[in-house]
Every structure is written in structure tokens, then in C-alpha cells.
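# Build me a model:
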Amino acid sequence: MKTVPILSLESAVSLVKSGDRLLVGGFGMTGNPVHLLHALAETRVKDLTYIANNTGEPGLGGGRLLRNGQIKKIIGSFFTSNPDAVAAAQEGRVEYELLPQGSLAEAIRAGGAGIGGFYTPASAGTLLARDKETKWIDGVEQVFIKGIRAEVAFIRAWRADTSGNLQYRMTEQNFNKAMATAADLVIAEVEEIVPVGHIAPEDVHTPGCFVDYLTHAHLTQEDLGISASLQSSKKENDLRTLIAERAFRELKRGDVVNLGIGIPTLVADFISPDDGIILHSENGMLGIGPSPKDGGGAMHYPVNAGKIPVTALPGSSYFDSADSFGMIRGGHIDVAVMGGLQVDEKANLANWAVPGKPLLGVGGAMDLAAGAKKLMVLMTHTHPDGSPKIVRECTLPLTAKNVVTMIITDLAVFVFREGKLTLAELMPGHGLEEVREKTEAEFVED
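Got it, this is the predicted structure:
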């Protein structure tokens, strides 16, 4: 059995050269090799191509490299959470390439498996497919995504043995597992290093053959930044709660359900363990339970796709981001519940980009919209300026084409039947004339 060298942080980052492509694990700051990144920020290395789901928090992890001007290009899925990344892109200080989250995960897995690329329905017909090869396969338009490899990967694991076998904790597999396979040089930052044999074979998530060096670094709550403590992006009011409660009534026992950000997050408040509804999170968890009652943070609990600590119900499971999006694209998610900016008469959805704002964050929306068996869109019926969200044709950048199954707003419930937008129900206190007045799209009545 080989022995993997254990390096100091300073020695580990000295292996990175200017101009390298750097894979960085983590989902937000969860499973993020923050100590390696901070050590790299103390060097003169520059012109890096930084490949990750996002760049972390401002001033933390990749955020420090960004502030230092050490990054030439960012490739990832969701950079809008870091204002520094948005500013750097707007001002032309960094190049950027945006990929749907599932395409990013699968591209890294493909690169690590020696596969040149793959076709996926995610992003077909959208701005992100521009200049990419497309092909119709079994009647479905699909986009070619090239496999991704890098010179160096920084990953974070909970435990390693001296032969390099890695074990991840809860939702910390995320991008780490695939990235460990896709670089010429893999450096794993770990919480604990144990002798060979102390990790049972069935508990090894990344075999030691993929790992070149280990470095030991203790993680603290401060290292996780704002995602360490229990937070919520939920904004509750009567209208939003009404929409969420109506959506809950569409869910059935045994459904595997993914809840997007915004109003969809409120649907979870109506779900109890007795309902038998299985919540899926694209960062690698199936069987999400309620928020921890003790107020604990990400040091002690898994996190959902909103980077909020949650509990695990009996029968829950953890996996990496590539497997998670395999579930999504493979049709194993029964219902995806998303917010929306526009839905049109052709069941097209626009929900990721607003004119005048940088197009730096798509996350997993395109994968979910294309892969879920049923797509419910929850939104207020009009924008704050009174303009309609249900329109003849989407004018905002598309998330996916011909995918919406149901729309639930504060005024009405619509479904698509035989290709026609159909008014199925009026919400309490609202009438048909009001809905007609505030809906641009043509619809038929049930």
C-alpha cells in the first residue's frame, strides 16, 4: 500500500504554477478547501483559471484570490453570490464561462474518466448553448459539453488515511469527489489523518490512487463564513404562503421533489415526515428534514442547495453533485418546484437572468427544468411594476423550452394540456376578469 506525502499548506500550494487550471471543490463554503486557498493567496501565483461551482464568499477561499487579482478566468455555475466576482466580470478584470451546474459536474466527471465530452438537454435553446454544437437525439435537442481537466485540484475531505483514501462528511462530497479524478495533481485538505485500515473499505468515497498529497487543516465555523450558521432566504407573506400551500397540495406520497429558491422554499414548511414526500437537494442529499431546532450550523448538519443547515430524515442519503444531477437528468425527480420571471404560451420558462444584470448565476435550474418529470412554477402573477409574468412569448433569457407543467400564482392556477395554456383554478378572492386583465398570454378555461 502506498503512502501519500503529508505537506504543510505552504509546501502544498508551492506546487501550483502561474497559468494553471485549478479545480476547487465545495458548494459555497461547505466542503471548500479554504485553508489551501488562503495559503495560495499568500503566494505570487497569478493568471489562474479557477474552476468551481462558485468563488466562495467575499474575502474567503477563492474570494481572496479574486480580490488579489490572481484569477484570470472563472468557470462555474453560480458566481452571483460573490459581489467581487460580479464586479470583476462587469469591469472586464476576469473572463468567465457559465455552465449549468449539472453540466459542470458531469464535465468534470467526464474529464476524470477520460471521456472527451457528452450531450445534455440542459441549456438547449438558451443563451448558454450559443456557439456550442447541438444535436437532436431521440427527438430531444441536446448540447455538447466538453470534458474538463486541470493541472491541479484542491479538494476538501473530512478524513484521510495515510494511503490517500478519503471519506467525506454529509453533504461535503459535492464537487470534491469528481474533481479528485480530473487533475494531474490532486491535493486533499483534510480534517483528520488516520493510519491505513482505520477507514472501512465501504466508507472510502475517493480511493487513494487519485490523491497525490495530503495537508491537515482544522475547520472552524469562522472558516465557513456566512453559510456556517442557520440562515434562511425565506421571505414569508400571505400571498407567498398561499402560493406555497397550493403547490404542496399537488405533491403525493412517494414523490421525489426538488424545491428551488424563492417561494418554492416555503413549500417545505407544509411537508411533514408523515407525508412521505422525499426532498432532493442538488448538492447531494435525498431525504431532507426540517431545519435543526438547536440552531446549529454547517459544522454539525448537512446543508441544502440554499446553503442552509437542515436535518436528515431516517433513510436519507448523501452523494456527490455528479450523481445528483444524474438523478435529475435521468428522470428520477418526480417534481421540480421553481420560481419564475416569465412563462409563455409554449411552456417556455425564463427565471435566471434579468436585463441589465450580469449573467453570472444559473445554478441547477436548467438541468432541473429539462430533467424533472413535472415542473411547477410558483410566482406572483405580475412584476412589481404591474407587467405580466405569463406572456405570449418570453422576452427574458430562457431557462428551458417547452417544459412547464403547471403555474401557480397569487391569482390563479394554470396547467398545460395538449399544448394549450389552460386556466384550471382561481385563487380565493380573485375573479376571471382580473386574471384576464393581468395575463398577456392567451389561455383557455378548464
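# Quick check: which ranges of the chain have low pLDDT?
Scanning the chain for pLDDT under 70 picks out the ranges 221, 223-236, 358-359.
# Could you chop it up by domain?
According to automatic domain parsing, the chain comprises the domains 9-227, 238-445.
# How far does the shortest one stretch from one end to the other?
Domain 238-445 has its terminal residues 26 Å apart, counting by C-alpha to C-alpha, to the nearest Å.
# What of stretch 259-278?
Across its full length, stretch 259-278 reaches 11 Å end to end, with C-alpha to C-alpha as the criterion.
# again, but for stretch 263-272
Stretch 263-272 has an end-to-end distance of 18 Å (C-alpha to C-alpha).
# Only the buried residues of stretch 268-281, if you could.
For stretch 268-281, a neighbour-count test (16 or more other C-beta atoms under 10 Å) marks Ala268, Phe270, Ile271, Ile277, Ile278, Leu279, His280, Ser281 as buried. Heads up, the C-betas are built off the backbone N, CA and C, glycines and all.
# that older thread, columns distance to Thr3 on top of the domains of the chain, output as a markdown table?
Shown next, in a markdown table, are those (distance: least, C-beta to C-beta, whole Å):
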| stretch | distance to Thr3 |
| --- | --- |
| domain 9-227 | 5 |
| domain 238-445 | 26 |
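# Tell me the spacing between Thr181 and Gly147.
If you measure Thr181 against Gly147 using C-beta to C-beta, to the nearest Å, the figure is 11 Å.
# ok, the buried residues of stretch 268-281 vs Val362, which is closest?
The shortest gap between Val362 and any of these belongs to Ser281, at 16.9 Å (C-beta to C-beta).
# So what sits opposite that closest one in the bridge?
Met285 (DSSP bridges).
# wait, doesn't it sit right on Ile308?
No. In terms of C-beta atoms under 8 Å, Ser281 does not count as a neighbour of Ile308; the distance is 9.8 Å.
# intersection of neighbour lists for those two?
Shared contacts of Ser281 and Ile308, defined by C-beta atoms under 8 Å, 6 or more residues apart in numbering, are not found at any residue.
# Just list the residues touching Ser163, thanks.
With contact set as C-beta under 8 Å, 6+ apart, Ser163 has these partners: Met1, Lys2, Thr3, Val4, Val196, Gly208.
# which of these has the most neighbours?
For those, neighbours were counted by other C-beta atoms under 10 Å; the highest total belongs to Gly208, with 22 neighbours.
# ok, the closest residue to that residue other than its chain neighbours - contacts?
Spatially, and ignoring its direct neighbours in sequence, Gly208 is nearest to Gly164 (3.1 Å; C-beta to C-beta, 6 or more residues apart in numbering). Contact criterion C-beta under 8 Å, 6+ apart gives Lys2, Val4, Ala188, Pro207, Gly208, Cys209, Phe210, Val211, Asp212, Leu214 as the residues in contact with Gly164.
# ok now the helix or strand containing the last one, how far from the chain's centre?
To tie it back to what came earlier, the one meant is Leu214. According to DSSP states H and E, Leu214 maps onto strand 213-216. With C-alpha atoms, centre = their mean, to the nearest Å as the basis, the distance from the averaged C-alpha position of strand 213-216 to the chain average is 27 Å.
# which residues in the chain form helices?
For the chain, the helices identified by DSSP state H occupy 9-13, 34-40, 62-68, 83-90, 101-112, 176-179, 238-248, 263-267, 321-329, 365-371, 432-437, in order along the chain.
# could those helices go into TSV alongside mean neighbour count and distance to Trp352?
Listed next are these as TSV, based on neighbours: other C-beta atoms under 10 Å; distance: least, C-beta to C-beta, whole Å:
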stretch	mean neighbour count	distance to Trp352
helix 9-13	19	34
helix 34-40	24	27
helix 62-68	22	22
helix 83-90	18	15
helix 101-112	27	11
helix 176-179	30	23
helix 238-248	18	20
helix 263-267	25	14
helix 321-329	23	16
helix 365-371	29	5
helix 432-437	12	26
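# For the stretch 151-300 of the chain, which segments are assigned as strands?
With strands called from DSSP state E, counting those that start in this stretch, the stretch 151-300 of the chain shows them at 166-167, 183-194, 213-216, 256-259, 278-281, 285-288.
# and the longest one, which strands flank it?
Paired strands of strand 183-194, with direction, are strand 150-161 (parallel), strand 213-216 (parallel) (DSSP bridges).
# Can you tell me which of those is packed in deepest?
strand 150-161 (a mean of 25; mean count of other C-beta atoms under 10 Å).
# now that one against helix 101-112, angle please.
90 degrees (axes from the mean of the first three to the mean of the last three C-alpha atoms, to 10 degrees).
# Distance of the spatially closest residue to Ile288 that is not a sequence neighbour relative to Asp203?
What sits nearest to Ile288 in space, not counting adjacent residues and going by C-beta to C-beta, 6+ apart, is Leu279, at 3.9 Å. Counting by C-beta to C-beta, the separation of Leu279 from Asp203 is 25 Å.
# residue boundaries of the strands in the stretch 301-446 of the chain?
With strands called from DSSP E, counting those that start in this stretch, the stretch 301-446 of the chain shows them at 312-318, 335-339, 342-344, 349-350, 374-378, 390-391, 406-408, 412-417, 420-426, 444-445.
# measure Leu127 to His38 for me?
Remark: distance between Leu127 and His38 (C-beta to C-beta) = 34 Å.
# same question, Lys132
Shown here: Lys132 relative to His38, a distance of 35 Å by C-beta to C-beta.
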